[in-house]
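Visitor: Next input, structure requested:
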Amino acid sequence: MNQRTLWMLLATMSAGGCAATTPRATPEPSATSATATYRISGAPARFQHATVEGGRIFGPAIELTSSGGAYRGQAYGETVDLHWDGDQLVGRVGNGPAASLHFRELTDGFDMIGTFGNNRGVLALRSNRLLGALGSRRFDLITDDGLSYREVTGRPMEVVLSPGIVELPPRERAVVLAMLLRH
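Guide: Take a look at the predicted model:
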């Protein structure tokens, strides 16, 4: 999927909205951690996982602390130093150019658009779709339940969110997804 297609899909999602869905019951709070996982099957198969507990986002390839809207640590072997400046997530990931993603909360999700690494970055979450171009990763995923997203193009990619991730404030959910899906 090329950049132009991603931008067109994002514009369509923003302009037309998404089909109405039946509201889900709010899940009961759980003692377990909030988790996000993505899997890509095939050769080679890839699996990544991130857990959010308090002020920590961690997994096999991610170790970040968050405090006061700032996120610092390591992700995929690169130093992360990001923070919120109004509606912008700014800072650095690795040695690349500065990151600057504009965040916009919507009634059924959010958009983040700007620069992320060496590329234009897009991350859009809606009630029935997760769309993005972050770093080397490009994806267009759909869902029926708001928890398990699968690739619409037939590529073998899946993103699974626990109810704890869905309940996070939208900005924190955006950072977790951006960091998990960018590599």
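
Visitor: could you pull out the helices for the protein?
Guide: Defined through DSSP state H, the helices belonging to the chain, from first to last, are 3-16, 163-166, 170-181.

Visitor: what residues does the last one touch?
Guide: Applying C-beta atoms under 8 Å, 6 or more residues apart in numbering, the contact partners of helix 170-181 are 36, 38, 48, 50, 52, 57, 59, 62, 64, 66, 69, 71, 75, 80, 82, 84, 89, 101, 103, 105, 109-110, 112, 116, 121, 123, 125, 130, 132, 134, 137, 139, 159, 165-166, 168. For every residue, glycine as well, the C-beta is placed using N, CA and C.

Visitor: what is the mean pLDDT for that helix?
Guide: Helix 170-181 shows an average pLDDT of 92 in the prediction.

Visitor: Check the second one too.
Guide: Predicted confidence along helix 163-166 averages 93 (mean pLDDT).

Visitor: counting contacts, what elements does that helix pack onto?
Guide: strand 34-40, helix 170-181 (3 or more C-beta pairs under 8 Å, 6 or more residues apart in numbering; DSSP states H and E).

Visitor: Quick check: which of the ones you listed is buried the most?
Guide: Mean neighbours per residue, mean count of other C-beta atoms under 10 Å, is largest over these for helix 170-181, with a mean of 22.
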